[in-house]
Structures are given as structure tokens and as C-alpha cells.
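One predicted model, sequence on top.
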Amino acid sequence: MHGFAPVGVGCYGARAMPASATADYAARWGYRTLDARRYERRRYGGWIRRLNLRRLEKTLARALSGVAPGALVLDVPCGTGILAPFLAGRGFRVVGTDLSPAMLAVAHEGTEALGHVQADLELPPYSPGTFGAVICTRFLMHLPAESRPRVLRTLAELARGPLVGTVCHPYTLKTFGRSVRRLLGRTAKRSPRLTRSALAAEVAAAGLRLERVIPVMPILSEVWVVVLSVPSGAQLAAPRGGPQ
Ligand SMILES: C[S@@+](CC[C@H](N)C(=O)[O-])C[C@H]1O[C@@H](n2cnc3c(N)ncnc32)[C@H](O)[C@@H]1O
């Protein structure tokens, strides 16, 4: 690691933590021992998924346009490090952080990141303002809604620049199709989705500013890339709906 040091790295069970300090959700545990290579193949293999990844990277590039090359960027949770080549390719110095040893083992095989840290993003081992930007993809919708403002604030505090995250919205053909199926009395999967006003309310509850909402592919993709910042000169408000 160059010019960067976490302030006390935690891992499973190694750190005493108050039970109420972190949320409980399936993704906290579900990635610990999985076949991370298989996860990566299923999520990003095949030409359609690769195309989706390229679209996501293009959108992230827009979201990060104000961050200077050379900035230290935290990719959290980094999973298998899928974004590291893209981030390093834009000149950022990347640090990956994830809770899962299985995911980190694959991430660590990549050479693009400065390093990887096993840690709980709800109790991050970094001082406030350590990073030029923080990237958080494919994670926020795993959280219980009431925990999101607290986690958003925690991540935003780590950056001097933006917190760039992905969330899922309902304004797609897929969601419309599911609603039609339900209207016809058929079963259709229900996935957590954030309307624009619900997103705004969560960001406000976190005491953050919603700078931009950029659709990855309007109508076709449920992914929005959101750019959040800590209001300048403002003391962060205590987020509602989570442990303080
Ligand atoms: C769906 S994967 C997304 C990984 C990566 N961002 C991507 O886009 O492929 C969710 C990741 O969140 C990690 N995770 C879940 N809870 C976490 C926590 N509290 N702290 C750090 N990582 C966590 C899991 O280990 C898993 O790697």
C-alpha cells in the first residue's frame, strides 16, 4: 500500500462490536464462503452482462468526472474487484474493501488496486476524508431501507469528494411487466426499488446532498448511478432511522 493506511482492520468476529451498530441482511453473510469466481461469471459473464458492465462503467465515468486522476478511490464493497481495471484505467489509485474473504481472494488476484482490506463497511477502518471518492455498487439495495441513511452517511464521510453509488429504481419495462402480471392475477417477483422521491428522502435523512441521478439505460436498466456529497461547511445531520 502506498500512502494509505487503514486505522485498525476488522474481520469476522475479530472486533467486538455493539449488536445495534450494524444492520442484519442476507448479503452480509451470503458472500462469505461462496464460489466467488462463479459469482463473477454469473454476474458479468456473457456478452449481454459484459455490455451492461460497460454501460455501468460509462455512467460511473460521468459520475466521477470531477475527481482528479491520481485520487485515492475506495471501492466498497469491492466484491471480486470487477471495477478495479476501469477505475485504475482512469488514473485512480484504488483501494478495495469487502467483508467476504472469498470475494477478496479473487479481487486480490487483480493487479490494478493498491490493495484490499477486509472490513465491515458499516464500521470502516478509515479516517474521515481519507479518499478522493467512494464507489459503492450493487450493495445499497441489499440493506434494510431504514439502515440506508446511516450507511450512506458513513460512506460519504470517508470521502473528500463524492460518494458514487448504485440504486435500483422502478421506472423500467421490467417493473411495468411485473405489475401487468400481477394485475392479471399471475405471480411476479418483487424486488426492492427506490422511487425518485424515496431516494431523495433517504439522502436527506442522511444529511447529504443528492448531486446527480444518472440512469445507466433509461427504461431498460433498473440501475441509477447516484452522486452524493456532504454539504460544504455543514455539520452532518444525525441520520434518522438507525443506531447513532
Ligand atoms: C452483490 S456483491 C457486489 C460486489 C461489487 N460491488 C460488484 O458490483 O460486483 C455484494 C458485496 O457486498 C459485500 N458485503 C456485504 N455486507 C458488507 C459489509 N457490511 N461490509 C463490507 N462488505 C459487505 C459482500 O461480501 C459482497 O461482496
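That came through, no problem.

And whichever residue of the chain sits closest to the ligand, how far from residue 116?
The shortest separation between the chain and the ligand is 2.6 Å, found at residue 79 (distances taken as CB to the nearest ligand atom). Glycine gets a C-beta too; all of them are placed from N, C-alpha and C. Taken as CB to CB, to the nearest Å, the spacing of residue 79 relative to residue 116 amounts to 11 Å.

In this structure, spot the helix with the most residues.
Looking across the chain with DSSP state H, the single longest helix is helix 47-63.

Check whether it comes into contact with the ligand.
No - counting by CB under 6 Å from any ligand atom, the ligand is not contacted by helix 47-63; separation bottoms out at 8.4 Å.

Tell me which other helices or strands whichever helix or strand comes after that helix touches.
Counting by DSSP states H and E, the next helix or strand C-terminal to helix 47-63 is strand 72-75. Under the contact criterion of 3 or more CB pairs under 8 Å, 6 or more residues apart in numbering; DSSP states H and E, strand 72-75 touches helix 84-89, strand 93-98, strand 133-136.

would you turn these into CSV with mean pLDDT and distance to residue 222?
Below are these laid out as CSV (pLDDT from 0 to 100; distance: least, CB to CB, whole Å):
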stretch, mean pLDDT, distance to residue 222
helix 84-89, 98, 21
strand 93-98, 98, 23
strand 133-136, 98, 16
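
Residue 121 touches residue 154, doesn't it?
Yes - counting by CB atoms under 8 Å, a contact exists between residue 121 and residue 154, whose distance comes to 7.2 Å.

per-residue pLDDT, the nearest residue to residue 32 once chain neighbours are set aside?
With sequence-adjacent residues excluded and distances taken as CB to CB, 6 or more residues apart in numbering, residue 32 is closest to residue 100, at 5.2 Å. The predicted local confidence for residue 100 comes out at a pLDDT of 97.
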